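Visitor: Fold the following for me, if possible:
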Amino acid sequence: MRVPHLALGLFAGAPFAVAVPTQSSTLVARDGASVNDCPGYEASNVVNSDAGLTADLTLAGDVCNAYGDDLQDLKLVVEYQTKDRLHVKIYDKDEQVYQIQEELVQRPPHNKTPSSDADLEFKLVEKPFSFTVTRKENGEILFDTSGSQLVFESQYLRVRTSLPKNPNIYGLGEHSDTFRLPNVNYRRTLWNAESPFIPRNSNLYGSHPVYFDHRGSKGTHGVFLLNANGMAVILNVTDSGEQYLEYNTIGGIVDLYFLAGKQPAEVSKQYADTVGYSAMYPYWTFGFHQCKYGYWDVNMVAEVVGNYSTAGIPLEVMWTDIDYMDLRQDFTTDPERFPMNKMRELVSTLHSRGQRYVLILDPGVHLKEGYSTYEKGHEMGVFLKNRDGSDYLGIQWAGTVAWPDWLAPNTSKWWADEIVTAFNADSGIDLDGIWVDMNEASNFCGNVDCNPMNPGGNPPAPKFDPRPNTGRPIPGFPESFQPNKRSLDARQGDKYKGLPNRDLLVARYDPVNHVGDLSSSTIWTNTTNYDGTVQYDTHNLHGHSMSRVTYDAMLARRPGLRPMVLTRSTFAGTGRKATHWFGDNYSAWDDYRISIQQMLAWVPMHQMPMVGSDVCGFNGNADEYMCARWAMMAAFQPFYRNHAEFSSVPQEFYQWKLTTAAAKKAIDTRYKLIDYAYTALYYQTAKGTPMINPVFFLYPEDANTFGIQTQWFYGDALLISPVTTDYSDAVTFYLPKDTFYDYWTGERVQGQGANVTRTGVSYTDIPVHIRGGTIVPQRNKSANTTTELRKQDFVFLIAPDANGKATGRLYLDEGEKLRQDKVTELTITYNNGQISVAGPAKYPGLKGESIRLKSFKVLGQEGLQQGDLGEGSTLDPETGAVTVEGSWSLNEEFETHI
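Guide: Numbers count the residues shown, from 1 in each chain. As a prediction, the model looks like this:
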């Protein structure tokens, strides 16, 4: 969310970039040893089965110990898990090297597909050991390690694959770099870190070690490395000009999943099959959200709500940052500025108006005598521990804090109890969603020399002792009275907990964390988790784990309702429980553009659909022109929230006349399209079908689309092409060779597979085109809230392709329940004048809700005359659109015509 006051000076002014040093094809360890001197491995005892193989791998020569100790004996397991997923796992023979806990990232099942039925083929070279993965259909080699030897050491792992020249590689988030990744001298560091101003060429808040490799007509495939350790993924060329991608991790194992594709959207689905499908979010989350760090008191929060109403700008959800807390402590409210009675009145008023409320929580729990959240957690043993059994401490907003150990057995119950109590509908703040922040975890103790009990020689140590639970037995008292007997080393001998005798503070291989060393501004990496693993290995899973526990806590608080959990820090699979915003960006045009690039990776490639940026920027001062553009553009992104930092100028949409006008138009359009977007979200959560599509996803053989990063398809029908040049009224966008229609005018536009330049695009306009062959369901009118929106009838916008055909779909349900007993899934088809609506239609509608269709509007019918049309159909001679009026129930199948 923010950097502490003491660090603001480090980042003042414009966003900074971190230079990427040239990556040589030969890595040299800090002691001068070359990784290329390492001997690699030899395979033996190869056992083939119908659905895979196993083998032993043995070090092929003298150790090189470049960045750790070479492991002598490894195991190889290859599994044809499904027709389109191949699993390759290389791990240590003794099974001590850290592997991600199954409870945190569930492995996909091994369905034991016969290798003869699989789309991919694994080939092994025994000496020196290497392997290839090939697409059987066309013989395309997708992964080939023969160019360099495997290095598997106690604190370093290297795997390299060759790539085609000038490859199209995407993913490997979280980053603020180009959508299609650079392929020369490029490093992607994966180490979750506090990242104000979303620095370029740097690690940010999340780690998603998955990439998509698109090869045009040869197909798209994905590669996922299930490894949570810090790493640098290098894209570069060798001295002889050969392209490669190389993983360099500071621990863990080789745990690769190859996703065959071959269409881009198929890879998205296969990745969801691997790490889990996204949670389904409430209907109301598609509304417009407002937040700011710096809303001083509850009256100011209410005033902002009132100002939006006065300005005539719909507001669905109000958020409050840490301002509401008493001394910035979780589960408290400031008694003077945010008294509980006023907070309850605020929320009840919002709810009576059909609006929602969301609050923030941070993971750092204040060490303070009398603060029940800490005292209960300490008593229950939920916090990370030092070697002596005392609570591990650092500094966050409240001051000296302890961090929950999300793997400890009592943590989930403690966290849920705190949430249920503080946000009780009858006695607390009846919130609708939770925002978890600072969970990389961000630690204001900059490094291991910091004393959290006396930072900078300032406040003295608290009187409350964090160390009474030493584990020593108390003679003469019953077992139930005894302290927690947890032994920090009790599980070190178990499988997958991590090798002993490692330097847990310093990795000899440097993945290049933009914050500094591994422990800089975070929980120290030598800290042990309850299960015997260490933060050195699990650091990147901290926010992921917090999100998972918070999701379950929200279910406990509101059984049966879909939780809305927004998290800053993520890992692969976090989308199963939470969604994400792109962190503390900057009020600048470049960050406006980057938010598009980030969305293009997160939705289809990281399987986290409900994402977006802080609209108009978090840090720095927005102006009305940029903010107006951002308001228009972000209305066509999944998560739509205006959010700013406390020292920034106010940037609520009503602050400027121009932004007010832009927001009104943007939100009006967005709300009409919510059911279209909600349908797309449903199919991503149910089928893995991305609700945001890069242009190449729909035109995979058009090479002109491969690098497009400022256009996207909202769903599969609407091509969004915003103005992205600073203070400009012109935009150049690409129209593939296909039939399109202008969304605003209905005019048919024939794409030529070329760029189109449009000038005179006002700040309250954005080019939107409907792809021919699609049908867009939308509401006839907008509304101030999504509750009121659901009372509006539907209209179907039909955009025929060159053959006069189109298809679309509409999903309807109650909007918030986790389990929906009765839903409607309609398929809408159009074939040269004939319209059909079919499918399971069981959703009856809420009281006052419309599930009726008011009209069809068929575009591109210029060749017809009014006399050619049936009763109830009218032709607009200027646009060539035919409107078919009527009243049809959407809980039954029907047919009609124009």
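Visitor: I'd say residue 179 and residue 694 touch.
Guide: Yes: counting by C-beta atoms under 8 Å, residue 179 does reach residue 694; the two are 7.1 Å apart. For every residue, glycine as well, the C-beta is placed using N, CA and C.
Visitor: Mind checking which of the two has more residues around it?
Guide: Shown here are residue 179 and residue 694; by other C-beta atoms under 10 Å, residue 694 has more neighbours (30 against 23).
Visitor: which secondary structure element contains the residue lying closest to that one once chain neighbours are set aside?
Guide: In space, residue 694 comes closest to residue 600 once its chain neighbours are excluded; the distance is 4.9 Å by C-beta to C-beta, 6 or more residues apart in numbering. Assigned by DSSP states H and E, residue 600 belongs to helix 589-605.
Visitor: CA atoms of that helix as CSV?
Guide: Extracted C-alpha coordinates of helix 589-605, given in CSV (Å, rounded to 0.1, in the frame of the first residue of the first chain):
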residue,chain,number,x,y,z
TRP,A,589,0.8,8.3,-18.3
ASP,A,590,3.4,5.5,-18.3
ASP,A,591,1.7,3.8,-15.4
TYR,A,592,-1.6,4.3,-17.2
ARG,A,593,-0.2,2.3,-20.1
ILE,A,594,1.5,-0.3,-17.9
SER,A,595,-1.8,-1.1,-16.2
ILE,A,596,-3.0,-2.5,-19.6
GLN,A,597,0.2,-4.6,-20.0
GLN,A,598,-0.2,-6.0,-16.5
MET,A,599,-3.9,-6.9,-17.0
LEU,A,600,-3.0,-8.7,-20.3
ALA,A,601,-0.7,-11.0,-18.3
TRP,A,602,-2.7,-11.4,-15.1
VAL,A,603,-6.1,-12.4,-16.5
PRO,A,604,-5.3,-15.1,-19.1
MET,A,605,-1.8,-16.1,-18.0
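Visitor: Mind checking the pLDDT average for the next helix-or-strand element following that helix?
Guide: Using DSSP H and E, the helix or strand that follows helix 589-605 in sequence is strand 614-615. Regarding strand 614-615, the rounded mean pLDDT is 98.
Visitor: now for strand 614-615, which elements pack on it?
Guide: helix 624-634, strand 641-642 (3 or more C-beta pairs under 8 Å, 6 or more residues apart in numbering; DSSP states H and E).
Visitor: what do you get if the cut-off is 6 Å, keeping everything else the same?
Guide: Using 3 or more C-beta pairs under 6 Å, 6 or more residues apart in numbering; DSSP states H and E as the contact criterion, strand 614-615 has no neighbours among helices and strands.
Visitor: Direction included, what does it pair against?
Guide: Sheet pairing for strand 614-615, assigned by DSSP bridges, gives strand 641-642 (parallel).
Visitor: domains of this protein?
Guide: 39-275, 690-771, 774-897 (automatic domain parsing).
Visitor: quick one: the last one to chain centroid distance?
Guide: Right, the one you point to is domain 774-897. On the basis of C-alpha atoms, centre = their mean, to the nearest Å, domain 774-897 sits 32 Å off its chain's mean C-alpha point.
Visitor: What is the end-to-end distance of that domain?
Guide: Taking C-alpha to C-alpha, to the nearest Å, domain 774-897 runs 17 Å from one end to the other.
Visitor: State the mean pLDDT of that domain.
Guide: For domain 774-897, the mean per-residue pLDDT is 96.
Visitor: what does the longest one give?
Guide: Averaging the model's pLDDT scores along domain 39-275 yields 98.
Visitor: Also stretch 376-394?
Guide: Mean pLDDT, computed over stretch 376-394, is 94.
Visitor: That stretch spans what distance, first to last residue?
Guide: In stretch 376-394, first residue to last residue: 19 Å (C-alpha to C-alpha).
Visitor: next one: stretch 333-344
Guide: Note: stretch 333-344 ends 11 Å apart using C-alpha to C-alpha.
Visitor: How far away from the center of its chain is that stretch?
Guide: Distance, centroid of stretch 333-344 to centroid of chain: 33 Å (C-alpha atoms, centre = their mean).
Visitor: What's the per-residue pLDDT of residue 481 here?
Guide: pLDDT, residue 481: 44.
Visitor: Looking at the domains of the chain, which is nearest to residue 559?
Guide: For residue 559, the closest of the domains of the chain is domain 774-897, at 8.5 Å, according to C-beta to C-beta.
Visitor: Leaving aside the residues adjacent along the chain, what's closest to residue 637?
Guide: Closest residue in space to residue 637, ignoring its immediate chain neighbours: residue 612 at 4.7 Å, by C-beta to C-beta, 6+ apart.
Visitor: does the one you found have beta-bridge partners, and which?
Guide: residue 581.
Visitor: Can you classify residue 308 by secondary structure?
Guide: helix (DSSP: H, G, I helix; E, B strand; the rest coil).
Visitor: separation between the closest residue to it other than its chain neighbours and residue 287?
Guide: Leaving aside its chain neighbours, residue 308 sits nearest to residue 315 (4.1 Å; criterion: C-beta to C-beta, 6+ apart). Residue 315 sits 8 Å away from residue 287, going by C-beta to C-beta, to the nearest Å.
Visitor: Let me see the ranges of the helices in the protein.
Guide: Using DSSP state H, the helices found in the chain span residues 8-11, 264-275, 298-311, 340-352, 372-379, 411-422, 535-538, 542-557, 589-605, 624-634, 657-672, 674-687, 695-698, 786-789.
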